[in-house]
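Undergrad: The following block contains a protein sequence and its predicted model.
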Amino acid sequence: MSTKTTLPTRQTGNDIPDDIWRGVADHIYLSQPRHELYRLISVNRIFFNYVLDTKYREVWWTKLDNGLLRLLTRLQEPIIGRHVQRLYIRAWFVDFLRKRDLQFGKPSVGKTRIFLRNLFRSLALVVGSRSALKASRVRKQRMLEGKPIEGFSSGITDRVSSKDIVTSMVKAVDCMISVTEFNFEWRDLPLNKDTQIFLTSTRRAFASSLRKLVLRAQISKFKEVLAIADFDNIDELDFHFDYRTNDLEGQLDMTAGKQFQAKEDAAGAASDPELQGLLQTVIPFIARRRKAMRSLSISSSSYADLSEFFSALPAMPSLRRFTAGIYVDKDCLSDPSGLLQLLNAHAATLLHIALRPNWPDRADSYNREESLAHQRRGWSTLNEQLLSNPRLLRNLDSLELPYVSSCKSIPLLQRSCDTLTRLSVTGHFLTMDEIVEVLTVFAHRLFYMQHLYLEVALLDVALVRMLANRLPDLLSLVLVYHRESASSVPVSLTLLLHIHVIGKINSIMKL
């Protein structure tokens, strides 16, 4: 009687669980150059989707060049477009092409160069600073010499129109059915037929997936934009109210805007169209989503007084994160009680708070010391009111706060000393003694602080050694320093911490 031999089952790649394949892909992604991962796109379905997720998870439409045109073409394929999860758009290049098309009609090299020359001259007049004027002359010279200019390619602008770009953007957006974050910087783009079609396409494509909307626009544009981009499932909002412009012979005049605002203030808040726009458009938009709202960020470069706006914000029972980046002065926040009332009403739910007083970005003031002094005066008043309410800024996971002094800022930090894992201290170059005072607040839980942002007066070996000893389990450290010591920090010490140095504050302020 013959015995039948059973051969072992042959293992194939399809028998390996998907989670293991993803683990292999993660390892390659973290340990190998990106192109090594891209070469494996045809291994199997898991690698195919992983590579496309890596390449197209974040899409940036910020400048007009060959790369953007290639990207727009690829994204019009549904199999690629569905991998986009975060979309970032800076619409300046669409507005640039629109203005050129209106002035010259069909694209041409000579006419484009003339338009660019006039555009750079007008932008320099808007800023009104020597550095901007110098940069304008440099860009114009590079343009006339046929050299590339950062942010655009003259060859591209010579052969495409604004309608071509918007049409391609609409087709690409129609394929993006998985976008969860939409970041749109509107700038001076008009709400015409083409832009309405684009916004409608985003509403149609992102309707079921979008969770976070970031919109930067002038207050006057919010009414039209929000009416079209009325997404249903948003639980995170980030609104920036851009500066108001007066168009005078094609030039943006900030000084005129300030004078216009002063006249409106004299007539009373009821006549301020920007304030009325906020109360009648933005507040109802937030109110309709108040129950689902988890994160709210409000920042402003406008001259509108936001006091009534903060007072009118509704209760949001699920709010976990709040950010305010505004001018803290008598013109733009005449009464901070509305902001304090918002913090107090959500004291039990808020875990992350960031208070970022904006620079007084007036067209007639570019002195850094004066700007810092103005910022401190405005914040000091709000700091006093925060101190007077013991319920505020308690039991937070993360906190960003301007520094006033040890006696006024340390008590606020102490309110969350048992829970904070992320801290940012801004607005003041801390001395070594002040840094020690800040870190002493968390001395009883050294291993819990994970992320730290400090602005320091001096970067030297002693500071690095002290941070390494006091915060042994720190994951990230950002130091903005005013000056550095004569002797460079030894490599052996920098290896103790993961340090990301942004650079001197003087260099940052000149950008």
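TA: Noted; the coordinates are in hand. Just so we're clear, the structure is a prediction, and the values are computed from it rather than from any experiment.

Undergrad: quick one: contacts for the closest residue to Tyr243 other than its chain neighbours?
TA: Spatial nearest neighbour of Tyr243, chain neighbours left out: Ser301 (4.5 Å); criterion: CB to CB, 6 or more residues apart in numbering. All C-beta atoms are positioned from the backbone trio N, CA, C, and that covers glycine. Going by CB atoms under 8 Å, 6 or more residues apart in numbering, Ser301 touches 240-243, 358, 361.

Undergrad: Need the residues you listed in CSV (columns: pLDDT, neighbour count and secondary structure).
TA: Below are the contacts of Ser301 laid out as CSV (pLDDT from 0 to 100; neighbours: other CB atoms under 10 Å; DSSP: H, G, I helix; E, B strand; the rest coil):
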residue, pLDDT, neighbour count, secondary structure
His240, 93, 18, strand
Phe241, 91, 27, strand
Asp242, 84, 21, strand
Tyr243, 74, 16, coil
Asn358, 76, 18, coil
Asp361, 49, 12, coil
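
Undergrad: Need those in CSV (columns: distance to Ile228).
TA: Formatted as CSV, these follow (distance: CB to CB, whole Å):
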residue, distance to Ile228
His240, 18
Phe241, 18
Asp242, 18
Tyr243, 23
Asn358, 28
Asp361, 29
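
Undergrad: Go through those and say which is closest to Gln218.
TA: Checking the contacts of Ser301 against Gln218 by CB to CB gives Asp242 as the nearest, at 4.8 Å.

Undergrad: Show me the beta-bridge partners of that closest one.
TA: Gln218 (DSSP bridges).

Undergrad: For the residue nearest to Tyr243, give its distance to Gly325.
TA: 9 Å (CB to CB, to the nearest Å).

Undergrad: Now for these two: what residues contact both?
TA: 240, 358.

Undergrad: Need the single longest helix in this structure, by residues.
TA: helix 368-388 (DSSP state H).

Undergrad: That one packs against which elements?
TA: Applying 3 or more CB pairs under 8 Å, 6 or more residues apart in numbering; DSSP states H and E, we find helix 368-388 packed against helix 337-345, strand 398-402, helix 406-414, strand 422-430.

Undergrad: what would the ones you listed look like in CSV with mean neighbour count?
TA: Output for the helices and strands packed on helix 368-388, formatted as CSV (neighbours: other CB atoms under 10 Å):
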stretch, mean neighbour count
helix 337-345, 17
strand 398-402, 20
helix 406-414, 16
strand 422-430, 19
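
Undergrad: Relative to Leu463, which of those is closest?
TA: Between Leu463 and these, the tightest spacing by CB to CB is seen for strand 422-430, at 9.7 Å.

Undergrad: which residues does Val425 contact?
TA: Neighbouring residues of Val425 by CB under 8 Å, 6+ apart: 401-403, 409, 438, 453-455.

Undergrad: Just the pLDDT at it, thanks.
TA: pLDDT for Val425: 94.

Undergrad: What's opposite it in the beta bridge?
TA: Per DSSP bridges, the residues bridged to Val425 are Leu401, Leu454.

Undergrad: For Met169, see how far away Asp331 is.
TA: To Met169, Asp331 is 38 Å away according to CB to CB.

Undergrad: Quick check on these two: which one has the bigger neighbour count.
TA: Taking neighbours as other CB atoms under 10 Å, Asp331 and Met169 compare with Met169 leading, 24 against 16.

Undergrad: Can you tell me which helices and strands the helix or strand where the more buried one lies packs against?
TA: In this structure, Met169 is located in helix 162-174 according to DSSP states H and E. In terms of contacts (3+ CB pairs under 8 Å, 6+ apart), helix 162-174 is packed against helix 66-75, helix 92-104, helix 193-206.

Undergrad: Ala354 - that's part of a helix, no?
TA: No - using DSSP: H, G, I helix; E, B strand; the rest coil, the secondary structure at Ala354 is strand, not a helix.

Undergrad: which residues sit in contact with it?
TA: By CB under 8 Å, 6+ apart, the residues touching Ala354 are 297, 322-325, 398-400, 424.

Undergrad: Is Asp238 in contact with Arg211, as I believe?
TA: No - in this structure, Asp238 is not within contact of Arg211 by CB atoms under 8 Å, at 11.8 Å.

Undergrad: what ranges of this protein fall below the confidence cut-off?
TA: Within the chain, the stretches with pLDDT under 70 are 1-14, 104-159, 244-271, 359-369, 371-372, 484-511.

Undergrad: The same query, at a cut-off of 80, please.
TA: For the chain, residues meeting the criterion pLDDT under 80 lie at 1-15, 100-160, 187-188, 243-272, 358-378, 483-511.

Undergrad: So Asp418 versus Leu467, what's the distance?
TA: Taking CB to CB, one finds Asp418 at 21 Å from Leu467.

Undergrad: higher neighbour count, the two?
TA: Counted by other CB under 10 Å, Asp418 and Leu467 do not tie: Leu467 has more neighbours, with 22 against 12.

Undergrad: which residues sit in contact with the more buried one?
TA: Contacts of Leu467 by CB under 8 Å, 6+ apart are 439, 452, 474, 477, 497.

Undergrad: which ones among the residues you listed are found in strands?
TA: Counting by DSSP state E, the members of the contacts of Leu467 that fall within strands are 452, 477.

Undergrad: would TSV of the contacts of Leu467 with neighbour count and distance to Glu58 be doable?
TA: What follows is the contacts of Leu467, written out as TSV (neighbours: other CB atoms under 10 Å; distance: CB to CB, whole Å):
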residue	neighbour count	distance to Glu58
Leu439	19	35
Leu452	23	26
Leu474	19	27
Leu477	19	25
Leu497	19	28
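
Undergrad: rewinding a little: for the helices and strands packed on helix 162-174, please prepare CSV with the additional fields mean neighbour count and distance to Leu413.
TA: Converted to CSV, the helices and strands packed on helix 162-174 look like this (neighbours: other CB atoms under 10 Å; distance: least, CB to CB, whole Å):
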stretch, mean neighbour count, distance to Leu413
helix 66-75, 16, 45
helix 92-104, 18, 40
helix 193-206, 18, 39
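
Undergrad: Just give the nearest non-adjacent residue to Trp186, would you?
TA: Ala217 (3.5 Å).

Undergrad: from what I can see the one you found touches Lys223, true?
TA: No - using CB under 8 Å, Ala217 is not in contact with Lys223; the gap is 10.2 Å.

Undergrad: ok, these two, which is more surrounded?
TA: Taking neighbours as other CB under 10 Å, Ala217 and Lys223 compare with Ala217 leading, 22 against 15.

Undergrad: Contacts only, for that one.
TA: Shown in contact with Ala217 (CB under 8 Å, 6+ apart): 184-187, 225, 240-242.

Undergrad: Thanks a lot, see you next time.
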